[in-house]
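1. Predicted model, plus sequence, below.
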Amino acid sequence: MNTNPLPSGDWPTLEQGWVWLCGAGPGDPGLLTLHALNALRQADVIVYDALVDKRILDWAGPHTTLEYAGKRGGKPSAKQRDISLRLVELAKQGKRVLRLKGGDPFVFGRGGEEGQTLVQHGIPIRIIPGISAGIGGLAYAGIPVTHRDVNQSVTFVTGHDQSGETPSSLNWKAISDGSQVLVIYMGMKHMERISAELLNAGRAADEPCAVVTSATTPDQQVLETTLGNMVADIETAGLTPPAIVCIGKSVLMRQALDWAAMAKGQAPRNTDPLGRGRPAESA
Ligand code: SAH
């Protein structure tokens, strides 16, 4: 256990019978919040998901029980209802419960459902946001999710719905027309359909795209491609989930902002990828 103290301040106490729903960020333990660290130190039991980086669990207190809630050894995922009821059960036993989820618990993370079930059972909760993969993961690849020359809006899309299929309720035309940059979570399985829908809705085949797998971890891989070539390039590169897909011109900014490459001594490929000259000095 790492015993580094938290910075001085009034850190909340995780009381018995409470559940804290907490984001663990996309991977790099340095992206954990101080509230998350405070929670890790106090919990009696941590119920964690597959996407929580194992290095983060090393920060738990010595007395803490770790409980995995996700796919294991090919068995199907624990059912959402079972996980929620397990949290209720642990809280009713008087445990100090930390529900730790990858990224942010309220971004495609079912944090709202779990919180609602807990509240309906009279269990008090606290929500601790985390850095979501669709923002922080792209930043680790040098891609700004908004960039003034590119987009005034960004749309976060899930590639799965509850049935595991491409969300049939999505209006791809509206999504395509509605924002210059799209960020797709859980999209790998259905990328063929998703890219076809977007092309059909009028997005250009040469539109820049990036696929970032295992973002912010030592295994991070970044594929730069286009909407038209993405499916083939994912296959050629042999990329596997978890992956965040970004569609839009902000991907080009990676040519200037690939800070991981710079840390390895490489010069930026292009300091003006959008051909706009220097950013304006004033607001
Ligand atoms: N609550 C999480 C998202 C959970 S949905 C968050 O806020 O980030 C699971 C999806 O998140 C994955 O299929 C993938 O699309 C994305 N994801 C989570 N962690 C990731 C990572 N380290 N690298 C790339 N994608 C990630």
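-> Cool, the structure landed. Numbering: from 1, shown residues only.

2. give me every residue that touches R276.
-> D149 (CB atoms under 8 Å, 6 or more residues apart in numbering). Any C-beta I mention is one placed from the backbone N, CA and C, and that applies to glycine too.

3. can you tell me how far it sits from the ligand?
-> 29 Å (CB to the nearest ligand atom, to the nearest Å).

4. how about that residue, secondary structure?
-> For R276, the assignment made with DSSP: H, G, I helix; E, B strand; the rest coil gives coil.

5. What of R126?
-> At R126 the chain is in strand, as set by three-state DSSP.

6. Isn't it up against W18?
-> Yes - judged on CB atoms under 8 Å, R126 makes contact with W18 at a distance of 6.9 Å.

7. who's more crowded, the two?
-> Using other CB atoms under 10 Å as the criterion, R126 and W18 rank with W18 on top: 20 against 16.

8. Please export the C-alpha coordinates of stretch 88-104 as CSV.
-> Extracted in CSV, the C-alpha atoms of stretch 88-104 (Å, rounded to 0.1, in the frame of the first residue of the first chain):
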residue,chain,number,x,y,z
VAL,A,88,-27.1,-2.6,-1.5
GLU,A,89,-26.3,-5.8,0.4
LEU,A,90,-22.8,-4.7,1.2
ALA,A,91,-24.0,-1.3,2.5
LYS,A,92,-26.7,-3.0,4.6
GLN,A,93,-24.0,-5.1,6.2
GLY,A,94,-22.5,-1.8,7.4
LYS,A,95,-19.5,-1.9,5.0
ARG,A,96,-17.9,1.2,3.7
VAL,A,97,-18.4,0.6,0.0
LEU,A,98,-16.5,2.0,-2.9
ARG,A,99,-18.0,1.3,-6.4
LEU,A,100,-15.1,2.0,-8.7
LYS,A,101,-15.7,2.4,-12.4
GLY,A,102,-13.5,3.1,-15.4
GLY,A,103,-13.6,6.7,-16.6
ASP,A,104,-16.5,8.7,-15.3
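
9. residues of that stretch that come out buried?
-> For stretch 88-104, the neighbour count (16 or more other CB atoms under 10 Å) marks 88, 90-91, 95-104 as buried.

10. L37 and P144, how far apart?
-> Using CB to CB, to the nearest Å, one gets 27 Å for the distance from L37 to P144.

11. what's the answer for A60, then?
-> Plainly put, A60 is 33 Å away from P144 if you go by CB to CB.

12. who has more neighbours, the two?
-> The neighbour count for A60 versus P144, taken as other CB under 10 Å, is higher for A60 (22 against 18).

13. Residues in contact with stretch 230-249: which ones?
-> For stretch 230-249, the surrounding residues in contact (CB under 8 Å, 6+ apart) are 51, 102, 133-134, 137-138, 143, 145, 147, 150-151, 180-189, 191-192, 195, 198, 203, 207-215, 221, 223, 225, 227, 274.

14. Next step: those residues restricted to helices.
-> L138, M191, E192, S195, L198 (DSSP state H).
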